[in-house]
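1. One predicted model, sequence on top.
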Amino acid sequence: MQLRWSFVPGGLAAILALIPSLCRAQDWTMSQFDDGSFFSATLSPVDGPGPALVCGERSPQGLSAAVTGNTEPDITPAGAFRVYVSDRAIGGPGAHRQTRDDVMLVVGDSGFRLRGLRWNELFSTWEVDLPATDPAFAGIAAQERFELRSDQGSHVISAAGFDAGLWQLTGYCSAMFTAVGLPWSTGQAGAMLRAAEADIRRGCGGPASRTDKAILSANIDGDGVEDIVLDWGEVTCLGGAPRPFCGASMCSAALYVSALYPRTGRPEDWLAQGVWLQPLSNGNDGVAMGASPSSCRQTGQPNGCAAILYWNGTGLVTLR
């Protein structure tokens, strides 16, 4: 039976080189393990009773478990995370209760119920498998904290650094599953878009409206993973200041470049008066950013001008 949340009111080496073996993501830690027979990776809070996200499968090294002695590996579906929730947070199974539906994550004004949590007697914890693209993960990434509720009570958990940790976890799991012939089809696809949408919710402190020019899909670094350009000038926050990332004439433009984001956990921010894509001769997209009238006059272009950013193999530079 497939279990889901319910909503309530370059190559392996190149990818792994971007992901440290133990990454401190503020209040969350991403760790990885590979003994030659099986691999696994875990994203979990540094302190407290929060849930842990895990992926795991056989190792690309191909050693037998009889050699390593690893007889209790984490084996999870491709494109999904196994969510472990400790009995210290929500209580044990009791005499006959091996599954439960009372546990919910409250993220902002939304609730995501963990339906079909099952008791894992081997690890003495509760677990459920969820798609890596589940909207609850994007919801948590967009907030400063979330709440774990059950009939045992509630716990408030910091979400600081969850977004960067989730990206690192997805990158590692995607690379390793692909290496053993199990494509992580829902892994990195759309990751930059989800990061941009999460930043809109976070930056606005809630819902926002945007035009069809707010988010541009691009091929900036040529690595085959969608890049995203977010023009904050085309976003209107529905609560508080409507344009918190705009000045008198310029707005912030955020570039979510898949080759950079895993290392930094944040977009590349620039100021611009309008943003658009400029096809380049190498097949990639350049990002054109309109300059202010005063800047244009200083360069002798009184009718408007733009700077074009392009990927030079290691970073973003201005085309001259």
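-> Arrived safely, thanks for sending. Numbers count the residues shown, from 1 in each chain.
2. Check which helices and strands the helix or strand harbouring Leu148 is in contact with.
-> Per DSSP states H and E, Leu148 falls inside strand 145-150. Secondary-structure packing of strand 145-150 (3 or more CB pairs under 8 Å, 6 or more residues apart in numbering; DSSP states H and E): helix 87-90, strand 104-107, strand 153-158. For glycine as for every other residue, the C-beta is placed from the backbone atoms N, C-alpha and C.
3. winner for burial among the ones you listed?
-> Each of those was scored by mean neighbour count; the highest is strand 104-107, a mean of 21, by mean count of other CB atoms under 10 Å.
4. what's in contact with that one?
-> 5, 8, 51, 111-114, 136, 139-140, 142-143, 146-150 (CB atoms under 8 Å, 6 or more residues apart in numbering).
5. Serialize the helices and strands packed on strand 145-150 to JSON lines and add fields for distance to Trp28 and mean pLDDT.
-> Below are those laid out as JSON lines (distance: least, CB to CB, whole Å; pLDDT from 0 to 100):
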{"stretch": "helix 87-90", "distance to Trp28": "16", "mean pLDDT": "90"}
{"stretch": "strand 104-107", "distance to Trp28": "15", "mean pLDDT": "93"}
{"stretch": "strand 153-158", "distance to Trp28": "8", "mean pLDDT": "92"}
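6. residues near Phe162, how many?
-> Using other CB atoms under 10 Å, Phe162 has 28 neighbouring residues.
7. Pull the contacting residues for it.
-> Phe162 neighbours (CB under 8 Å, 6+ apart): 25, 27-28, 43, 140-141.
8. So in this protein, which helix runs the longest?
-> In terms of residue count, the longest helix belonging to the chain (DSSP state H) is helix 162-179.
9. That one: what's the following helix or strand?
-> helix 191-204.
10. what distance separates that next one from the middle of the whole chain?
-> Here helix 191-204 is found 9 Å from its chain centre; the criterion is CA atoms, centre = their mean, to the nearest Å.
11. which parts of it are buried?
-> Across helix 191-204, burial judged by 16 or more other CB atoms under 10 Å covers 191-201, 203-204.
12. Quickly note the distance from Tyr261 to Gly239.
-> Using CB to CB, to the nearest Å, one gets 27 Å for the distance from Tyr261 to Gly239.
13. do the same with Arg100
-> On the measure of CB to CB, Arg100 and Gly239 end up 35 Å apart.
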